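Visitor: Coordinates for the following, if possible.
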Amino acid sequence: MTTRRICLGLFIGLLFASVCLGADPRKEFDAQVSHVIVKLNRQVEADSEAPMLLAELIQREYGTSEDELEWAFKHSVSWGEIAALAYIQRTTGRTFEAMTRDEALRDFWSYAEKAEMSSDKMARNLENFQKTAERERNSRIFERLRVSRRIQAMPDLGSGFGLFQEALDFRRIDSPRPTKIHTVVSGKAKGDQ
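Guide: Below you'll find the model as predicted:
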């Protein structure tokens, strides 16, 4: 009986270990990076100001020069791919042109391994960059909405303002008029003696 339990426990343990270790880090990396690239590309398609925003963010976050961005734009590199290349450039110091010659755009995983980069750090950094770009875009949209509506802030009048407002509200209430008149019966009510 105990031998069966031990064998069953070992079998379940091996099955669990094979499932846990079976996760392919390359597939996870490719999925994360392609997800970021697609989201950044969609952001550019949806908003006409997104290319300028992404160019500013890439220059600020990764220190990419305008010449590199112009080269990428002339060679039809998408904005998501530009962000990935900018991260690699910051890490390795290579130019966009040299990286595309080495086919970094086709397989970021292999390029990162050849350059001895951490693929986990690259995936996390690109996700953080995408979230930052999204936050910046939303902030700009909300700022445009706020400015376009020209809502003027009300001055703080303190607690006296509430009393003043109540007085104004009570003035608008019509004088009380009875809406229904009840006749009073002088007889005894049921149950009274």
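Visitor: Report all helices and strands that the lengthiest helix in the chain contacts.
Guide: In terms of residue count, the longest helix belonging to the chain (DSSP state H) is helix 119-149. Under the contact criterion of 3 or more CB pairs under 8 Å, 6 or more residues apart in numbering; DSSP states H and E, helix 119-149 touches helix 25-46, helix 50-62, helix 79-92, helix 108-114. Just so you know, the C-beta spots here come from the backbone N, C-alpha and C atoms, and that holds for glycine as well.
Visitor: same for the longest one, what does it pack against?
Guide: Using 3+ CB pairs under 8 Å, 6+ apart as the contact criterion, the elements in contact with helix 25-46 are helix 50-62, helix 79-92, helix 108-114, helix 119-149.
Visitor: okay, that helix in PDB with CA atoms only?
Guide: Taking Å, rounded to 0.1, in the frame of the first residue of the first chain, the C-alpha atoms of helix 25-46 are listed here in PDB:
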ATOM      1  CA  PRO A  25      11.000  31.000 -22.400                       C
ATOM      2  CA  ARG A  26      11.500  31.800 -26.100                       C
ATOM      3  CA  LYS A  27       7.800  31.600 -26.800                       C
ATOM      4  CA  GLU A  28       7.000  33.700 -23.800                       C
ATOM      5  CA  PHE A  29       9.500  36.300 -24.900                       C
ATOM      6  CA  ASP A  30       8.300  36.400 -28.500                       C
ATOM      7  CA  ALA A  31       4.700  36.700 -27.300                       C
ATOM      8  CA  GLN A  32       5.500  39.600 -24.900                       C
ATOM      9  CA  VAL A  33       7.600  41.500 -27.500                       C
ATOM     10  CA  SER A  34       5.100  41.000 -30.300                       C
ATOM     11  CA  HIS A  35       2.300  42.100 -28.000                       C
ATOM     12  CA  VAL A  36       4.100  45.300 -27.200                       C
ATOM     13  CA  ILE A  37       5.000  45.900 -30.900                       C
ATOM     14  CA  VAL A  38       1.300  45.400 -31.900                       C
ATOM     15  CA  LYS A  39       0.000  47.800 -29.200                       C
ATOM     16  CA  LEU A  40       2.500  50.500 -30.100                       C
ATOM     17  CA  ASN A  41       1.600  50.200 -33.800                       C
ATOM     18  CA  ARG A  42      -2.100  50.400 -33.000                       C
ATOM     19  CA  GLN A  43      -1.500  53.500 -30.900                       C
ATOM     20  CA  VAL A  44       0.100  55.200 -33.900                       C
ATOM     21  CA  GLU A  45      -2.700  54.200 -36.200                       C
ATOM     22  CA  ALA A  46      -5.400  55.400 -33.800                       C
END
